[in-house]
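**Student:** model this:
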Amino acid sequence: MRIPEALVDRVTAWDEPARDARGTPGAVFEVRGLGKTYHMGDVDVVALRDVDLDVHAGELLVLLGASGSGKSTLLNILGGLDVPTVGTVRFTPVQGASRDLTRADADALTRFRREHVGFVFQFYNLIPALTARENVALVTDIARAPMPAEEALRLVGLGERLDHFPAQLSGGEQQRVAIARAIAKRPDVLLCDEPTGALDAETGRLVLGVIDQVNRELGTATIVITHNAPIAAMADRVLRMTSGRISEASRNTTRVSPSELTW
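**Tutor:** Got it, this is the predicted structure:
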């Protein structure tokens, strides 16, 4: 297994020199006092309230919570898809300058997403007219130092399905193509929003096994959000969200293999 090369940060700006060379795990994300309120006419909907959180290099973090608990809003802010109403999100890449994402403009957030973040969603968002290889190549064509699409697909166990179209793949295989697409650009963080929500339990375990493999072998800081409590056993750390707040935090002494999870 080839360990990915360190990414060189090209997002200019912002305010601090690189902190360290990641000789020891540091904080990829530092979140302080984060809040998000959506204004809907005369009604204010509070999605996040005073969230403090550090996400460390190389860890696998599971966010648990019911629908409406704020976990997707938090993930979207970390991924630069949304911005908070109050608070700060500081990001430090594997190599490069630390920056406050809450001070970034739209162009800077686009570069941040393109260069540093891999997304995996509940629904696969593959282009039906493109093969598995071509769907992954969409990302490698715009990334700075990508792995070849073929290599990314082999990492997720689809080396024999390179030229199959999404309609020729099972749901689990399509999700693995989506994971390959996310990791092909060698992101600093992998953000997974209900990655097994559209899958049966057996297929879900296979997909979680791929996410676990990516985290262990590539060292990618990984966040998985889910309402499915048994998935928490595969994590280094588990945070439970309730009404927009982190209501409980715990650390697993050992990580359970996804193949051993039951629900």
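**Student:** in the chain, which segments are predicted with low confidence?
**Tutor:** Applying pLDDT under 70 to the chain picks out residues 1-25.
**Student:** Show the residue spans covered by the strands in it.
**Tutor:** For the chain, the strands defined by DSSP state E cover 27-40, 43-56, 60-64, 86-91, 99-100, 117-120, 189-193, 221-226, 237-242, 245-251.
**Student:** got TSV for those strands, with distance to P258 too?
**Tutor:** (Each C-beta comes from the backbone N, C-alpha and C, glycine too.) What follows is the strands of the chain, written out as TSV (distance: least, C-beta to C-beta, whole Å):
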stretch	distance to P258
strand 27-40	22
strand 43-56	20
strand 60-64	11
strand 86-91	28
strand 99-100	33
strand 117-120	14
strand 189-193	12
strand 221-226	11
strand 237-242	15
strand 245-251	18
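**Student:** what about D44, how many neighbours?
**Tutor:** 10 (other C-beta atoms under 10 Å).
**Student:** Identify the bridge partners of it.
**Tutor:** D44 has these beta-bridge partners by DSSP bridges: H39.
**Student:** That one against G35, yeah?
**Tutor:** No: D44 is beyond contact range of G35, at 11.4 Å (criterion: C-beta atoms under 8 Å).
**Student:** how about the helices in this structure?
**Tutor:** Secondary structure of the chain (DSSP state H): helices at 71-78, 106-116, 132-140, 149-155, 171-183, 201-218.
**Student:** Dump those to TSV, plus mean neighbour count and distance to R90.
**Tutor:** Shown next, in TSV, are the helices of the chain (neighbours: other C-beta atoms under 10 Å; distance: least, C-beta to C-beta, whole Å):
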stretch	mean neighbour count	distance to R90
helix 71-78	23	11
helix 106-116	16	12
helix 132-140	21	25
helix 149-155	21	29
helix 171-183	25	23
helix 201-218	19	22
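**Student:** With distance to H227 as new columns, can those be given to me in CSV?
**Tutor:** As requested, these are exported to CSV (distance: least, C-beta to C-beta, whole Å):
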stretch, distance to H227
helix 71-78, 8
helix 106-116, 25
helix 132-140, 27
helix 149-155, 28
helix 171-183, 17
helix 201-218, 13
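**Student:** quick one, which of those is nearest to L60?
**Tutor:** For L60, the closest of the helices of the chain is helix 201-218, at 4.6 Å, according to C-beta to C-beta.
**Student:** For the residue nearest to the spatial centre of the chain, give its distance to E150.
**Tutor:** In the chain, the residue lying closest to the centroid (C-alpha atoms, centre = their mean) is L191, at 1.1 Å. L191 is 24 Å from E150, where distance means C-beta to C-beta, to the nearest Å.
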